[in-house]
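Trainee: just coords:
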């Protein structure tokens with residue numbers, strides 16, 4: 001659902017870079033799971049959420065100070081799949097796209113989708129390998145196929 005980038009204020013509110021297109025997923029009472037790079041994991045419940053700049057300010061029940069939320073800086077925020085609404089065919093959540101291997105129609109590997117940039121007209125996939133980065137627009141004319149089972153995105157790209 002997103003990544004905690006740091007605290008906001010003194011009462012335990014978190015700044016979150018959201019991978020969701022809408023704040024509607026961050027409903028009070030929703031269970032979330034925080035996973036940190038160092039292996040720590042914990043379950044929390046959303047107390048409140050509100051839009052803030054390009055992200056979300058998130059208050060989790062049981063975290064009431066800047067020190068407590070600072071422990072979760074850079075933690076990934078996950079939810080159960082059951083909390084996600086079903087999307088139309090050909091539409092995907094960002095977490096499903098990030099990490100896909102990207103191949104061109106002539107079978108050249110471009111790397112993996114590292115992140116997604118939201119623009120006014122269409123998303124742009126940031127695809128990286130060891131030495132290069134490509135910005136691939138999420139357009140039907142470019143994205144030929146997405147196979148989640150094979151973790152593969154096929155693109156018509158020069």
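Mentor: Done, it's in. Bear in mind the structure is a predicted one, so any value in this text is a computation, not a measurement.
Trainee: residues of the host helix or strand of residue 116 that come out buried?
Mentor: Using DSSP states H and E, residue 116 sits in strand 109-117. For strand 109-117, burial by neighbour count (16 or more other C-beta atoms under 10 Å) applies to 110, 111, 112, 113, 116. C-beta: built from backbone N, CA, C; applies to glycine.
Trainee: contact partners of stretch 111-119?
Mentor: 19, 21, 94, 97-102, 123-130, 132-135, 138, 153 (C-beta atoms under 8 Å, 6 or more residues apart in numbering).
Trainee: may I see the PyMOL selection of the buried members of those?
Mentor: Restricted to buried positions by 16+ other C-beta under 10 Å, the PyMOL selection for the contacts of stretch 111-119 reads:
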select buried, resi 19+94+97+98+100+101+102+123+124+125+126+127+134+138+153
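Trainee: among the contacts of stretch 111-119, name the ones in strands.
Mentor: 101, 102, 124, 125, 126, 127, 128, 133, 134, 135, 153 (DSSP state E).
Trainee: which ones are touching the second one?
Mentor: Going by C-beta under 8 Å, 6+ apart, residue 102 touches 109, 110, 111, 112, 113, 125, 127, 134, 136, 152, 153, 155.
Trainee: ok, which pair from the residues you listed is furthest apart?
Mentor: 134 and 152 (15.7 Å; C-beta to C-beta).
Trainee: ok, which stretches of the chain are helices?
Mentor: 66-70, 94-97 (DSSP state H).
Trainee: between these, which one is nearest to residue 144?
Mentor: Comparing the helices of the chain by C-beta to C-beta, helix 94-97 comes nearest, at 14.4 Å.
Trainee: and the closest one, what does it pack onto?
Mentor: strand 109-117 (3 or more C-beta pairs under 8 Å, 6 or more residues apart in numbering; DSSP states H and E).
Trainee: can you tell me the closest non-neighbouring residue to the spatially most central residue of the chain?
Mentor: Among the residues of the chain, the one closest to the centroid is residue 19, at 2.9 Å (C-alpha atoms, centre = their mean). Using C-beta to C-beta, 6 or more residues apart in numbering and skipping residues adjacent in sequence, the residue nearest residue 19 is residue 94, 4.2 Å away.
Trainee: look at the one you found and report its pLDDT.
Mentor: For residue 94, the model assigns a pLDDT of 84.
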